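Asks: Everything below, folded, please.
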Amino acid sequence: MAKSKVISISAEEKKWRTESDLSTLQRAKEIMADKSRMSAVQNLAKQQLSALSTIVQKNASKPAQRTPVRKLKK
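Replies: Residues are numbered from 1 along each chain as shown. Here you go, the predicted model:
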């Protein structure tokens with residue numbers, strides 16, 4: 001197994017990421033409190049879930065394809 005590289009993040013990057021995360025959480029809370037926005041989000045999520053489930057169902061019904069093997073000449 002290959003060793004994973006540890007990526008160091010500067011203090012400035014950590015601060016920016018933390019501020020961005022806070023902003024994201026604040027927006028999520030605003031959206032969840034707004035009934036019309038939350039309803040629109042839920043409808044879109046249902047549509048995407050439906051589309052994804054058809055992909056899963058189509059792939060589940062197909063048998064795995066084998067890669068053709070080329071015979072070597074002796």
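Asks: List the buried residues in the helix-or-strand element of the chain with minimal mean pLDDT.
Replies: Here the helix or strand of the chain ranked lowest by mean pLDDT, DSSP states H and E is helix 35-61, holding a mean of 91. Within helix 35-61, no residue is scored as buried using 16 or more other C-beta atoms under 10 Å. C-beta here means a position set from N, CA and C on the backbone, and glycine is covered the same way.
Asks: In terms of secondary structure, what does it contact?
Replies: helix 11-33 (3 or more C-beta pairs under 8 Å, 6 or more residues apart in numbering; DSSP states H and E).
Asks: any idea of the mean pLDDT for stretch 16-23?
Replies: Averaged over stretch 16-23, pLDDT sits at 98.
Asks: Dump it to CSV, restricted to CA.
Replies: Output in CSV follows, covering the C-alpha atoms of stretch 16-23 (Å, rounded to 0.1, in the frame of the first residue of the first chain):
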residue,chain,number,x,y,z
TRP,A,16,-10.3,31.1,5.3
ARG,A,17,-11.7,27.5,5.4
THR,A,18,-13.2,28.0,8.8
GLU,A,19,-14.8,31.3,7.7
SER,A,20,-16.1,29.6,4.6
ASP,A,21,-17.5,26.7,6.6
LEU,A,22,-19.3,29.1,9.0
SER,A,23,-20.8,31.0,6.1
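Asks: How about residues contacting it?
Replies: With contact meaning C-beta atoms under 8 Å, 6 or more residues apart in numbering, stretch 16-23 is reached by Ile9.
Asks: could you redo the last one with a cut-off of 10 Å?
Replies: For stretch 16-23, contacts defined as C-beta atoms under 10 Å, 6 or more residues apart in numbering pick out Ile9, Ser10.
Asks: buried set for it?
Replies: Taking 16+ other C-beta under 10 Å as the criterion, stretch 16-23 shows none as buried.
Asks: if I look at Thr24, how far off is Ile31?
Replies: For Thr24, the distance to Ile31 (C-beta to C-beta, to the nearest Å) stands at 11 Å.
Asks: thinking again about what came up before, could you check the angle helix 11-33 makes with the least confident helix or strand of the chain?
Replies: Between helix 35-61 and helix 11-33, the angle comes out at 100 degrees (axes from the mean of the first three to the mean of the last three C-alpha atoms, to 10 degrees).
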